[in-house]
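1. Dropping a prediction and its sequence here:
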Amino acid sequence: MKNWLKNYRWHIISWATFIIYEYVLVSLILKINAPILDYCIHYIINITLFYIHAELVLGKGLKPQKPVYLSIIVLTVFEVFLHTVFAYLADRSLSKTATFSVGKLTITDWKYMFVTVWRGIYFLLFSTAYYFIKSYIHQKQRTVELEKEAIEEVLKQKQITLELANAKNAYLKAQINPHFLFNTLTYIYNSTHKSEPRAAEAVRYLSKLMRYALECEHGPEIMPLEAEIRQVENLLLLSRIKQPDLFIDFNYDQKTESTEVMPLLLLSLTENMVKHGNLSQPEDPGKIIVKLQQGLFSIQTSNLINTGLNDTGFHTGLENIRQRLLHTYAEKAELSAGQKGKYFEVLITINLAGDTQ
């Protein structure tokens, strides 16, 4: 009810003002008095005619796609006829001066009919003006909205252009900075491989991992898994230089090497295991199993939970993997992770059935 009053408050105010104006004009100036009930019934008929003509006849007949002018004319004539009939019947029921004499209309009836028809046309003209004013306001509001959308689109395109320019600059910088970095790593390796062979090997493995990560960043969305398997082996070798008592069983089917999947998936899971898992027990090592069976590719990891280490960032890493899987594979990929007894297990499955591998 409150919403209705809010939406139509100006209609109510306008009709109240108009009715008061006509009542004052008729009763005080023209000295014509009538019962309040007469006014109420006739204004109900007139206001009903007003909205039927504006909302239904003109609203439906003047649609932008296919206006039907002939139908509007016919319906308008019919509206005037119905208005006259209802007004006449209302006055008859209220015992007005209009009379009916055995099949013939008296002079009083003809005069009454003329006034009633003119009254109906009078409200139809008001209704037509209301319809076109409302259409104009609606069209103006729509034009303002379209202009606003166009401005927002221009601003959006400018923002995209600016971001693209920034991305190109960042890409050019990224090409320069790694070049300097790899030259530096090569220098460190050459300087230390005789005096500190373990440190030199660590630099060599680190260089390979970084080069692969950069290639993946600017490469395709899916790549053969073979290169990443090699990098997982490099990561394990690098980790064992820093932590000799690190035990992980890495098993994969040979046919998975040619499988094309999202890069940095296997490497990210391995890195999280090394960083957060307890991999110091040779009798209970961490496990990485990569399989491809009937088009279903899977990576499964399992490791002892390291209760003495803060795992901050681990679940963030898994969430990043989940979002990347969703972006690349949508509902074809699933990731489940959680604690099972004293182990933390992660399982990723990707349905590659029908994909080229």
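-> Structure's in. What do you need? All values derive from a computational prediction rather than experimental measurement.
2. And the host helix or strand of residue 208, how far out from the chain middle?
-> Using DSSP states H and E, the element containing residue 208 is helix 197-217. Put simply, helix 197-217 sits 42 Å off its chain's centre (C-alpha atoms, centre = their mean, to the nearest Å).
3. What of stretch 269-285?
-> The answer for stretch 269-285 is 41 Å, by C-alpha atoms, centre = their mean.
4. Same question for stretch 336-348.
-> 34 Å.
5. Kindly report the same for stretch 154-167.
-> The answer for stretch 154-167 is 21 Å, by C-alpha atoms, centre = their mean.
6. Over to stretch 335-350?
-> 32 Å.
7. what do you get for stretch 340-357?
-> Relative to its parent chain, stretch 340-357 has a centroid offset of 30 Å by C-alpha atoms, centre = their mean.
8. now do stretch 316-330
-> So, by C-alpha atoms, centre = their mean, the centroid of stretch 316-330 is 20 Å from its chain's centroid.
9. got a list of contacts for it?
-> 221-222, 262, 265, 268-269, 271-272, 333-335, 337, 346, 348, 350-351 (C-beta atoms under 8 Å, 6 or more residues apart in numbering). (C-beta placed from N, C-alpha, C; glycine too.)
10. hang on, the earlier thing: list the buried residues in the helix holding residue 208.
-> Buried positions in helix 197-217, judged by neighbour count with 16 or more other C-beta atoms under 10 Å: 200-209, 212, 214, 216.
11. again with stretch 228-237
-> With burial defined by 16+ other C-beta under 10 Å, the residues of stretch 228-237 counted as buried are 228-229, 231-232, 234-236.
12. Same check on stretch 128-136?
-> 128, 130-131.
13. Likewise for stretch 37-54?
-> Residues of stretch 37-54 classed as buried by neighbour count (16+ other C-beta under 10 Å): 41-43, 45-47, 49-50, 52-54.
14. Please tabulate the buried residues of stretch 128-136 in JSON lines and include pLDDT, secondary structure and distance to residue 20 as additional columns.
-> Below are those laid out as JSON lines (pLDDT from 0 to 100; DSSP: H, G, I helix; E, B strand; the rest coil; distance: C-beta to C-beta, whole Å):
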{"residue": "128", "pLDDT": "91", "secondary structure": "helix", "distance to residue 20": "23"}
{"residue": "130", "pLDDT": "89", "secondary structure": "helix", "distance to residue 20": "19"}
{"residue": "131", "pLDDT": "89", "secondary structure": "helix", "distance to residue 20": "24"}
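15. Residue 153: which of these is nearest?
-> residue 131 (32.2 Å; C-beta to C-beta).
16. What is the three-state secondary structure of residue 283?
-> Look at residue 283: counting by DSSP: H, G, I helix; E, B strand; the rest coil, its state is coil.
17. And it, how close does it get to residue 68?
-> Distance from residue 283 to residue 68, counting by C-beta to C-beta, to the nearest Å: 88 Å.
18. Name the residue in these two with the higher neighbour count.
-> Neighbour totals were compared for residue 283 and residue 68, and residue 68 leads with 13 against 5 (other C-beta atoms under 10 Å).
19. any idea how far residue 60 is from that one?
-> Taken as C-beta to C-beta, the span from residue 68 to residue 60 is 8 Å.
20. Also residue 222?
-> 55 Å.
21. Could you chop the protein up by domain?
-> Domain assignment for the chain, taken from automatic domain parsing, gives 2-155, 193-351.
22. quick one on the thing from earlier: tabulate the buried residues of stretch 37-54 (TSV), appending distance to residue 244.
-> Converted to TSV, the buried residues of stretch 37-54 look like this (distance: C-beta to C-beta, whole Å):
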residue	distance to residue 244
41	102
42	103
43	98
45	99
46	98
47	93
49	96
50	93
52	91
53	93
54	88
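23. Out of those residues, flag the one nearest to residue 290.
-> Lowest distance from residue 290 to the buried residues of stretch 37-54 (C-beta to C-beta) belongs to residue 54, with 71.3 Å.
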